[in-house]
Every structure is written in C-alpha cells, then in structure tokens.
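In: using only what follows, build the 3D model:
(one chain, ligands or ions: 1)
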Amino acid sequence: MTQDEFKQQVAHAALKHVRDGVIGVGSGSTVNFFIDALATIKGRIDGAVVASEASAARLRKHGIQILELNNVSELPLYVDGADEVTEHLYMIKGGGGALTREKIVAAVARKFVCICDASKLVSVLGKYPLPLEVIPMARSYVGREMLKRGAQPELRANFKTDNGNLILDCRGLTIVDPPRLEAELNQIAGVVTNGLFARRPADVLLLAEPGGVRAIAAKR
Ligand code: 5RP
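Out: Prediction:
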C-alpha cells in the first residue's frame, strides 16, 4: 500500500467515532482524506468547526456547514493528524502551520482522535522540527531563545499562518519531557503556540499499519 492509501484507510476508520452533532476537524493531508470520508455520512452531523481555512474550504465543497467555535458549547469529537506521535499519545503538530487553531479546537473537544500512518509513531519526539507560531516582531528574539535551548530555529519561508503570524521550525531538540517543554516554550514572549501537544494529548490514536488499523487508547 502507498502512504496515501494508509492515510485513506485510517481516515475511514475514524468514521466510527463520529456521533451526531458538531465535529471538530483538524488539517493536513490525512485529514483531507477524513473530510472526504465524512462527506459520505454528512447527513448525520450538524456541521464542523475547523482548525484551518484549507479544511474549511474542503468541507464547504462537500456541502458541510462550518460553524464558529464561539457558537459551539459542546464538541464531542476532534479528529486530526500529527507529524510525530508517541505511545503516550503526545504529539508534534504544525507541519501545515495550523497548530494554534488545532490546539484551541483540541482543548474544547471531549475526545481527540489522532489519525496517522505508522511512519509517524516515534519513541522520542523531536526528529521532526518543532514548529513555533511567533508574532512577527518577536521572530529574532524567539530564535535566540531557542538557540539557548540547543535548537536550530529556521524561519518557514514564504509562509504566514491563518492568524497572520510566522513559523519558526526548530530542529535539534530531544524532547524527553514533552509536557514540561510545552509549558516552558509557551512562556517565551512572542510565542503564540508551540507544536507540542502533550498537556492535551490525543485520547485515541488510530495508526494505519501493514496489518490494518491499530487503535491505541491513552493510559490515563
Ligand atoms: C497541521 C498538522 C497536521 O496534522 C500534520 O502536519 C500532519 O499532516 P499530514 O496528515 O499531512 O501528514 O498538524 O498543522
């Protein structure tokens, strides 16, 4: 199977978590397959809250209504991908630059289902560069702060987030305590969000492997 076929398979597997009401939808290529799968059962949902403009456009194309998060009090489910994920269901996200909105929607959701192909499963986070969404005027300062922490920050070229900010991709971090580092990086002035999702990890990981889709539930 190709990587896209694995992504499609895991996206379909996530449909069984969908309940009536509003659904939270993340972003990325795996989520695009999920959106296409969701369209086949769209009559069962009232609409979606989304983490990116790109996902909103794809959902609208399928005739799925986009709702504003501020108008939604209950979000039973959020489905999103990841760039790296551990067996503890800690993640690095933000490869598509939508990390801040993804973190907000994940915070509201009762259940976070992460959908990935097996290449995303790691024992230690940090091989994938950790993205930081940064207020433009703080770019150099945040870069220096990350250098002090042993990272090599790199400005994502020709990229602006949906919130009008910049992304610094930080290589070279070995992330032994993801919840602690997530909290620490959020204290740097000018950082809007960092791409560690450890303080609000996923509740269920669906992993597409050669033998089929494996479900890993959080041990909490
Ligand atoms: C976007 C994300 C995506 O979920 C992550 O980059 C995974 O994307 P893909 O499914 O394309 O591999 O965090 O900000």
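In: and the helices in this structure, which stretches?
Out: 3-13, 29-38, 53-61, 99-108, 139-148, 178-186 (DSSP state H).
In: for the first one, packing partners?
Out: Packed against helix 3-13 by the contact rule (3 or more CB pairs under 8 Å, 6 or more residues apart in numbering; DSSP states H and E) you find helix 29-38, strand 111-117, strand 204-209, strand 212-217. The way it works is simple: take the backbone N, C-alpha and C, and place the C-beta from them, glycine included.
In: what would these look like in a markdown table with distance to E154, mean neighbour count and mean pLDDT?
Out: Compiled in a markdown table, the helices and strands packed on helix 3-13 are given as follows (distance: least, CB to CB, whole Å; neighbours: other CB atoms under 10 Å; pLDDT from 0 to 100):
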| stretch | distance to E154 | mean neighbour count | mean pLDDT |
| --- | --- | --- | --- |
| helix 29-38 | 22 | 22 | 98 |
| strand 111-117 | 24 | 24 | 98 |
| strand 204-209 | 28 | 22 | 98 |
| strand 212-217 | 31 | 14 | 96 |
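In: and these: which comes nearest the ligand?
Out: Closest approach to the ligand among those (CB to the nearest ligand atom): helix 29-38, 3.3 Å.
In: so, in contact with the ligand or not, that closest one?
Out: Yes: using CB under 6 Å from any ligand atom, helix 29-38 comes into contact with the ligand via S29, T30.
In: helices and strands around that helix, which ones?
Out: Under the contact criterion of 3+ CB pairs under 8 Å, 6+ apart, helix 29-38 touches helix 3-13, strand 21-25, helix 53-61, strand 77-80, strand 111-117.
In: out of the ones you listed, which gets nearest to the ligand?
Out: Using CB to the nearest ligand atom, the nearest of the helices and strands packed on helix 29-38 to the ligand is strand 77-80, at 5.3 Å.
In: partner strands of that closest one and their direction?
Out: strand 21-25 (parallel), strand 111-117 (parallel) (DSSP bridges).
In: contacts for it, please.
Out: Identification of contacts with strand 77-80 by CB atoms under 8 Å, 6 or more residues apart in numbering yields 14, 17-19, 23-28, 31, 34, 51, 93, 102, 105-106, 108-115.
In: can you check stretch 41-49 too?
Out: So stretch 41-49 is contacted by 15, 18, 20-25, 38, 59, 62-69, 72, 75, 105, 108 (CB under 8 Å, 6+ apart).
In: just the buried ones out of those residues, please.
Out: V18, V22, I23, G24, V25, L38, L59, I64, L67, V72, L75, V105 (16 or more other CB atoms under 10 Å).
In: dump the residue contacts of the spatially most central residue of the chain.
Out: Among the residues of the chain, K93 comes closest to the average C-alpha position under CA atoms, centre = their mean, at 4.6 Å. By CB under 8 Å, 6+ apart, K93 lies in contact with D80, G81, A82, D83, L99, E102, K103, P131, G195, F197.
In: at 10 Å instead, please
Out: When contacts are counted by CB atoms under 10 Å, 6 or more residues apart in numbering, K93 is found next to 26-28, 51, 80-85, 99, 102-103, 106, 114, 128, 130-131, 193-197.
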